[in-house]
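1. sequence unavailable; structure follows:
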């Protein structure tokens, strides 16, 4: 029996021996009745003290895996066979058991599988709103990280406050003030990104069976969260001016709505932005109906053209807006840091919920972002990112004009990370995806963003993580795929019409 | 009007001007009818182009805050008064609104307030299970962080996988194998610490109204989580051998229990450890009742004496144990990284839930821990930590023997971060805390760990974050406080008995 011992490990030698023998027994490599090497011999062979082997054997005997008989030696016990058999069957039995136990069946992971091909070599992916790795500020971040470790490393390794790392909160507060959100009347909370912020809202303010009003289409992470937790969602259509407010108003009259959730600036996935007048009307509607509004401003910093608009929270004089933002879209998704701003009583509630959810957000990432901010580097990075993304967006729109068929209707956004393309009614973007993927290009079919009245004839193209070359090549491939797809639908239509004509005769 | 402009900011100048003027108007510094400086003059004074001021004024006019009259100038609008008034009252109205909206009232934060005094200068805190800052491996971690930024910084800033950073998963899997947990039959998931792992279990496997069996007393974070989400908890007493298994068995017969939650090694707060025979019996009970077991092994690596025991997961041949652990107690709480091991079907479910909860755990912390592990430094750190904590525990026990009154019954743990002290029935540890705090020493009264049948006469003393000097001084103060407390209770008793005697006559 080959045993590997490593005295450098944080584990006593006897335990290493015991666990390796146990594994041999349970895996069936050692069978019932097999004789174990006498402890004296094994000790000599391994170069360890005999007590070490004695301790290992004693534990295995206590577990019932081996039995010792005076004068005869130590053997794998009959119980081991039982355990082996149970273990061999356990995976099946186990899965059966859990299948009955878990309330939710296996989920449809087709989107996840689709997105995973984004990482295959050579694939040009318009699928996800990822940051540009060309622009990745690794060097600055590395220097800043070193500085924060040196300054207060021991503190950053220690437990932190659920509320957030105080210097980051201060930095954000002055930044919020600069943007017109004053924290005398509201408070802030650091979270592990916007997804967590939305989840905390769901946990603190909603119960299963409650109804919310949401943009349809919307961010998949939002509707997955709400649907999987039993929240009823009213699908409010999104037009060029954002949420359809007439629709919303009527929906609030007819339903007991607990919350309105929206992304008024560079809406994901359509890219639409709500104009000032619509923002004011939305707040008035919400105030009259006494329904709080959750404003997701995650793309807000990425404006490339047009006039800057105040977030709803700036216009919110009745304190009913819960504002959500993060560092993910300006270059730091992997750090998982976001923030929320809301009335003090709401933040108090969300803070308790966050304490139950994960105690606090990791301190290192918070300190790194604060240091970047305080040195003025964050603003520099955001400016540089915005400039680069504006150029990429311009290039993509130009390529689309050149390569896409005229039937493809493109929504030109003023900011954000993606372009929304609408195709003729009968074209299914998911089918086009299969073809595009065969030619090394992927995107997100629009259907994944609809939680109701699913439309199949749209696609979302994210441009931020691609190089100029990839944008040009990718758009050219997509143009061909779109043209073919539209032609095919036309042919099928003609045939169907012809067939229908025959039938009618 | 003093306006501060900063061209280094990531915000156009016109927006800086607009937002500062808006703030003046909404705060009431500018009143209705006040005339704004003509744009030409203001532009000259600020040294900006006149269009910049024009843009700022245009936005404010669109928001309804100012009005321009040809030939007369620009004035704060009457609407501003309305908004000012609304804003002034908003905080009150707002709080009233939210009070009605939020289902949960303000929480009792007495424990939080108590613990906050732990950070006042000079206070010796036995209150929390914090790591030693003397031992904090800042330098090693700093070097490792630098290496991971250099190696794959751009990747670490990017979005990661919900499942966890693959190299860390591999590292943990080989480590789990070394400990006898084989991942052919189970899978792992990286989480943002044990609190999140417990929360994911709660979300994926439990619904409000479900019943679980837990140790009583137990970790406050666990019972806060369960109680605040409507889970019914059966209080299983904890003795020298851990969970009272006879009690548990009877409880499983009488109740429809969905899960058993326990911390079999160095139980928090009592420090008790379940012996091997009890572990096996627990698993047998669970298997027969077909109730899964959640094993919290967060203190498992901190054994100072006695024989190492296999986690339940090692003995689990039927795949019903969900194993939970983290890097928090071996020196890295601020990084918020933990892991879970369970049957593949369970992990799949938990992974979806985690995706809705926070997308993924921050990559930087995961990469740092993996690099520490791969270099062998993690094992070195754990060994060093264990040695230091063993010494601190020894010192605390010695001081307790010397300073505490004989009525204080001390549970001497074989590992972990704290010592549990039981006092005579009538002594309320929370009252003693008030006295101790006046003398600069704090601890956690036992009552906070009971979710049922609350006992007031115990206290938990954590020793890991204190220096030897602090342990000696702190124990001396506590010894006096305990003696006084016990004497006072005796005096009151005698008086009460005397008074009772008088009344009887």
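-> That came through fine. Keep in mind that what you see is a predicted model, and the values were worked out from it rather than measured.

2. burial count for residue A:456?
-> 17 (other Cβ atoms under 10 Å in any protein chain shown). C-beta here means a position set from N, CA and C on the backbone, and glycine is covered the same way.

3. tell me who's in contact with it.
-> With contact set as Cβ atoms under 8 Å, 6 or more residues apart in numbering or on different chains, residue A:456 has these partners: A:427, A:428, A:429, A:430, A:445, A:446, A:447.

4. which two of those residues have the greatest separation?
-> Farthest apart among the contacts of residue A:456 by Cβ to Cβ are A:427 and A:447. That separation is 11.8 Å.

5. if you count what's nearby, which of those two comes out ahead?
-> residue A:427 (21 against 17).

6. from residue A:237, how far out is the more buried one?
-> 20 Å (Cβ to Cβ, to the nearest Å).

7. need the outlier residue of chain A, farthest from its centre.
-> In chain A, residue A:71 marks the outermost C-alpha relative to the chain mean, sitting 62.5 Å out by Cα atoms, centre = their mean.

8. can you tell me the closest non-neighbouring residue to residue A:357?
-> residue B:199 (5.3 Å; Cβ to Cβ, 6 or more residues apart in numbering or on different chains).

9. elements contacting the strand or helix carrying the one you found?
-> Residue B:199 is part of helix B:194-205, with elements assigned from DSSP states H and E. Judged by 3 or more Cβ pairs under 8 Å, 6 or more residues apart in numbering or on different chains; DSSP states H and E, the packing partners of helix B:194-205 are helix A:344-358, helix B:220-228, strand B:257-262, strand B:293-296, strand B:321-326, strand B:338-342, helix B:344-358.

10. let's see that with 6 Å instead.
-> Judged by 3 or more Cβ pairs under 6 Å, 6 or more residues apart in numbering or on different chains; DSSP states H and E, the packing partners of helix B:194-205 are helix A:344-358, helix B:220-228, strand B:321-326, strand B:338-342, helix B:344-358.

11. got a markdown table for the ones you listed, with mean pLDDT too?
-> Formatted as a markdown table, the helices and strands packed on helix B:194-205 follow (pLDDT from 0 to 100):
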| stretch | mean pLDDT |
| --- | --- |
| helix A:344-358 | 93 |
| helix B:220-228 | 92 |
| strand B:321-326 | 96 |
| strand B:338-342 | 96 |
| helix B:344-358 | 93 |
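
12. the strands in the stretch 1-150 of chain A, which residues?
-> A:35-36, A:66-69, A:73-76, A:124-125 (DSSP state E, counting those that start in this stretch).

13. deepest of the ones you listed, which one?
-> With neighbours taken as mean count of other Cβ atoms under 10 Å in any protein chain shown, those reach their highest mean count in strand A:124-125, at a mean of 23.

14. distance of residue A:81 from chain B?
-> Applying Cβ to the nearest Cβ, to the nearest Å, the value for residue A:81 to chain B is 12 Å.

15. also residue A:288?
-> On the measure of Cβ to the nearest Cβ, residue A:288 and chain B end up 13 Å apart.

16. what angle sits between the host helix or strand of that residue and strand A:321-326?
-> If you go by DSSP H and E, residue A:288 is part of helix A:276-289. Helix A:276-289 runs at 130 degrees relative to strand A:321-326, counting by axes from the mean of the first three to the mean of the last three Cα atoms, to 10 degrees.

17. how about the nearest residue to residue A:333, chain neighbours excluded?
-> Nearest to residue A:333 is residue B:159, by Cβ to Cβ, 6+ apart, at 4.4 Å.

18. could you do residue A:123 as well?
-> residue A:440 (5.5 Å).

19. what's the pLDDT at that neighbour?
-> Note for residue A:440: predicted pLDDT of 94.

20. kindly provide the distance from it to chain B.
-> Residue A:440 is 21 Å from chain B, by Cβ to the nearest Cβ.

21. what about that residue, neighbour count?
-> Burial of residue A:440 is recorded as 16 neighbouring residues (other Cβ under 10 Å).

22. just checking, it touches residue A:125?
-> No - counting by Cβ atoms under 6 Å, residue A:440 does not reach residue A:125; the two are 9.6 Å apart.

23. how far is the longest helix along chain A from where the chain is centred?
-> Using DSSP state H to define each element, chain A has its longest helix at helix A:468-504. Offset of helix A:468-504 from its chain centre (Cα atoms, centre = their mean, to the nearest Å): 33 Å.

24. buried set for that helix?
-> When neighbours are counted by 16 or more other Cβ atoms under 10 Å in any protein chain shown, the buried residues of helix A:468-504 are found to be A:470-483, A:485-486, A:489.

25. low-confidence bits of the stretch 151-300 of chain A, can you list those?
-> Scanning the stretch 151-300 of chain A for pLDDT under 70 picks out the ranges A:182-185.

26. get me the contact residues on it for chain B.
-> A:153-154, A:156-160, A:180, A:185, A:192, A:195-196, A:199, A:224-225, A:276 (Cβ under 6 Å from any Cβ of the partner chain).

27. 8 Å - rerun?
-> By Cβ under 8 Å from any Cβ of the partner chain, the residues of the stretch 151-300 of chain A that approach chain B are A:153-160, A:177-180, A:182, A:185, A:192-193, A:195-196, A:199, A:204-205, A:207-208, A:221, A:224-225, A:228-229, A:276-277, A:280, A:290, A:292.

28. can the longest helix of chain A be found next to chain B?
-> No - against chain B, helix A:468-504 shows no contacts by Cβ under 8 Å from any Cβ, the least distance being 15.8 Å.

29. mind checking which helix or strand residue A:235 is in?
-> Using DSSP H and E, residue A:235 falls in strand A:232-239.

30. what packs against that strand?
-> Counting by 3+ Cβ pairs under 8 Å, 6+ apart, strand A:232-239 packs on strand A:211-216, helix A:220-228, helix A:245-254.

31. how close does the closest residue to residue A:227 other than its chain neighbours get to residue B:343?
-> Spatial nearest neighbour of residue A:227, excluding adjacent residues (Cβ to Cβ, 6+ apart): residue A:451 at 6.5 Å. In this view, residue A:451 and residue B:343 are 30 Å apart by Cβ to Cβ.

32. what of residue A:75?
-> Distance, residue A:75 to residue B:343, by Cβ to Cβ: 31 Å.

33. walk me through the domains of chain A.
-> A:13-100, A:110-129+A:380-504, A:138-375 (automatic domain parsing).

34. closest to residue B:216 out of those?
-> Using Cβ to Cβ as the criterion, the shortest distance between residue B:216 and the domains of chain A is 18.6 Å, found for domain A:138-375.

35. quick one: residue A:262 and chain B, what's the gap?
-> For residue A:262, the distance to chain B - Cβ to the nearest Cβ - is 18 Å.

36. residues near that residue, how many?
-> 24.

37. that one bridge partners, please.
-> On the basis of DSSP bridges, residue A:262 is bridged to residue A:295.

38. isn't it right up against residue A:242?
-> Yes - here residue A:262 reaches residue A:242: they are 7.1 Å apart, a contact under Cβ atoms under 8 Å.
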